[in-house]
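Asker: here is a sequence with its predicted model. Questions after.
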Amino acid sequence: MIPRLLLGLVATTFMTTFTSVALADASGSRPNIVFVLADDMGWNQPGFNHPEEASITPHMDQLAAEGMRLNEFYTHSVCAPTRSAFLTGRYAFRTWSDWRTEDFGKPSYLAKLGLKLAHTKSGEPTRRIHALDTEERTIAEALDDAGYFTALLGKWHLGEWLPEHLPMGQGFDYQYGHYAWGIDYYTKTIVHNAPARYAVYDWHRNQQPIHEEGYATDLIADETVRLIESRQGSDEPFFMYVAFNAVHGPLNPPPGFQGDANDPYAVRDAMLESLDQAVGRIEQAIDKNGFKENTLFIFANDNGPVLEEMSKPFRGTKNTTFEGGVRQPCVIRWPGHVAPGTTKDGLVFIADFFPTFITLAGGKHQQERPIDGLDMTPTFFADEESPRSEIIYDVAGSVRLPTIRRGDFKLMGEMLFNVKEDPAEQTDVALKHPRLVAELRERLDVVGKERPPLGDKPLLMDPPLPYVYGASEQENVPQWLIEKVEAVRATQPKEWAPGETPWPKAPQGAEASKMDGLRDEIVK
């Protein structure tokens with residue numbers, strides 16, 4: 001029998017050798033990269049984060065068993081900010097992406113910026129055009145320059161009108177899915193085009209409207225599987241950013257749903273099961289087509305859920321910077337580089353994938369605008385500690401409370417939490433640490449002043465209520481599309497009580513986004 005001490009030495013030597021070899025093989029190795037992003041999923045929804053209970057996510061659980069889970073992976077607290085940080089490696093406030101495109105058609109949001117609702121020359125209220133700045137360097141552009149085929153499948157949410165603001169204007173070779181915030185899974189329409197109160201069609205391939213029947217989750221998975229299959233025989237590595245709209249509202253149960261359609265928990269569970277099956281199909285396509293060994297497959301989530309029960313043991317929901325809004329499930333699988341069934345502590349922010357992917361691709365890190373992302377290649381693939389000690393979630397002038405994490409502590413507005421000792425954020429310790437509070441406030445103030453000017457946003461969406469998103473897609477709108485949209489609009493309310501809108505008002509304060517299970521946001 002081998003002595004226990006010797007076994008320990010052998011195991012340590014093996015892991016050291018494994019991680020050093022994995023790192024040496026990782027940098028510049030040009031793997032395929034498939035980054036799957038869920039939408040509005042809670043921390044405890046995937047089974048791998050609640051092993052003591054029955055799971056409805058077997059494919060996500062299998063992925064976790066084959067890869068490495070990040071225990072302290074963070075994002076911004078709503079969709080568009082997270083997506084901009086992922087694509088640019090920069091905090092959302094630097095690109096004004098902490099303000100979503102649709103916010104520029106909502107009076108309560110505009111008021112926070114000192115702006116008024118815009119009107120066309122004919123006097124119709126309309127939306128000011130807001131999107132990710134085309135001068136930003138995206139990860140798609142960086143990987144395209146490194147010789148990758150790049151594709152966006154699913155939700156974009158960083159501009160829905162001008163061609164230069166759409167995915168193929170921001171570095172993607174291929175586009176499929178929707179541009180705006182949250183489509184109906186069956187009709188493929190956005191419920192409103194604030195300030196217009198009626199539906200707009202939003203389903204496209206390579207930035208042309210397409211007519212497809214089916215459930216959006218299934219269709220995104222179908223397209224991803226087809227695209228993976230099409231890459232067989234190509235020497236060109238691929239980057240696929242697969243951004244599901246699931247499990248974001250509206251609450252549309254998948255085909256074959258047998259539960260109570262009025263039970264938001266039952267519907268959300270069914271939507272999650274559908275997403276899980278889609279993730280499984282993508283993983284299977286990678287493996288079946290011979291890409292498993294040379295594909296970095298990442299599954300993550302963009303922000304917290306709309307129900308706090310799905311954030312537990314953490315506090316908060318999406319649109320808040322409590323842990324429940326910003327701490328997300330994340331799994332990394334890459335055979336030979338990531339030990340299966342492992343976990344990793346240490347802060348990781350969504351922007352860190354930007355330099356990490358460039359390192360793996362052997363691309364160029366040099367660019368005009370500095371990034372906030374940190375290269376996690378040694379952290380992920382050589383078992384080194386995370387180099388990150390700070391995350392800035394929001395600053396003054398954002399929709400949400402200025403919030404910073406440094407080490408074990410998080411300052412959120414006037415509140416200070418020791419996240420390490422109190423991950424549920426139940427005890428405000430600001431009075432016990434006045435010097436730290438002052439330091440973090442000063443840091444937020446200094447960094448917040450780095451926000452560039454917004455400008456007066458002179459470009460307007462015209463017509464204010466298009467049939468389909470995409471300015472160039474207004475030419476020769478097909479009859480089938482007009483009929484689909486008119487059928488949806490015919491079911492929508494024609495009158496509203498004074499002050500009421502089909503969209504929520506701008507959130508105010510730390511607890512502004514307690515959810516009711518049926519709408520994405522409500523004001524407390």
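Answerer: Here it is on my side, so go on.
Asker: going forward, measure contacts between C-alpha atoms and count neighbours the same way
Answerer: Fine.
Asker: what about Phe299, which helix or strand?
Answerer: In the assignment (DSSP states H and E), Phe299 maps to strand 295-301.
Asker: mean confidence score for that strand?
Answerer: Computed over strand 295-301, the mean pLDDT rounds to 98.
Asker: now the element after it, going C-ward?
Answerer: Sequence-wise, the next helix or strand downstream of strand 295-301 (DSSP H and E) is helix 323-326.
Asker: using CSV, list the CA coordinates for that following helix.
Answerer: What follows is helix 323-326 as a C-alpha-only set of coordinates in CSV (Å, rounded to 0.1, in the frame of the first residue of the first chain):
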residue,chain,number,x,y,z
GLU,A,323,-25.5,39.5,-5.0
GLY,A,324,-28.7,38.1,-6.4
GLY,A,325,-28.6,40.6,-9.3
VAL,A,326,-24.9,40.3,-10.2
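Asker: helix or strand right after it?
Answerer: Next element after helix 323-326 (DSSP H and E): strand 330-333.
Asker: could I have that following strand exported to PDB, CA atoms only?
Answerer: Extracted in PDB, the C-alpha atoms of strand 330-333 (Å, rounded to 0.1, in the frame of the first residue of the first chain):
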ATOM      1  CA  CYS A 330     -20.800  30.000 -14.900                       C
ATOM      2  CA  VAL A 331     -19.200  26.700 -16.200                       C
ATOM      3  CA  ILE A 332     -16.100  26.300 -18.300                       C
ATOM      4  CA  ARG A 333     -15.400  23.100 -20.200                       C
END
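Asker: that one pairs with which strands?
Answerer: Sheet pairing of strand 330-333 (DSSP bridges) gives strand 68-70 (antiparallel), strand 295-301 (antiparallel).
Asker: and the ones you listed: which comes nearest Lys112?
Answerer: strand 295-301 (28.0 Å; C-alpha to C-alpha).
Asker: coming back round to it: redo the strands paired with strand 330-333 as JSON lines? Include mean neighbour count.
Answerer: Converted to JSON lines, these look like this (neighbours: other C-alpha atoms under 10 Å):
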{"stretch": "strand 68-70", "mean neighbour count": "23"}
{"stretch": "strand 295-301", "mean neighbour count": "22"}
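Asker: Glu124 is nearest to which of those?
Answerer: Nearest of these (C-alpha to C-alpha): strand 295-301, 37.4 Å.
Asker: so where's the chain shaky on pLDDT?
Answerer: Residue ranges of the chain with pLDDT under 70: 1-24, 512-524.
Asker: which elements pack onto the lengthiest helix in the chain?
Answerer: Longest helix of the chain, by residue count under DSSP state H: helix 264-288. Packing contacts for helix 264-288, counted by 3 or more C-alpha pairs under 8 Å, 6 or more residues apart in numbering; DSSP states H and E, involve helix 58-66, helix 216-230.
Asker: tilt between that helix and helix 58-66?
Answerer: For helix 264-288 against helix 58-66, the angle between stretch directions is 50 degrees (axes from the mean of the first three to the mean of the last three C-alpha atoms, to 10 degrees).
Asker: gap between helix 264-288 and the chain center?
Answerer: 17 Å (C-alpha atoms, centre = their mean, to the nearest Å).
Asker: just the buried residues of it, please?
Answerer: If you call a residue buried by 16 or more other C-alpha atoms under 10 Å, then helix 264-288 has these buried ones: 264-283, 285-286.
Asker: just stretch 240-255 next, same as before
Answerer: 240-254.
Asker: quick one: contacts of it?
Answerer: 33-41, 150-156, 182-186, 215-217, 220, 224, 261, 264, 267-268, 270-272, 274-275, 518-520 (C-alpha atoms under 8 Å, 6 or more residues apart in numbering).
Asker: same question, stretch 176-187
Answerer: Counting by C-alpha under 8 Å, 6+ apart, 79, 152-160, 166, 189-191, 202-207, 213-217, 220, 223, 245, 248-250, 252, 469, 484, 488 sit against stretch 176-187.
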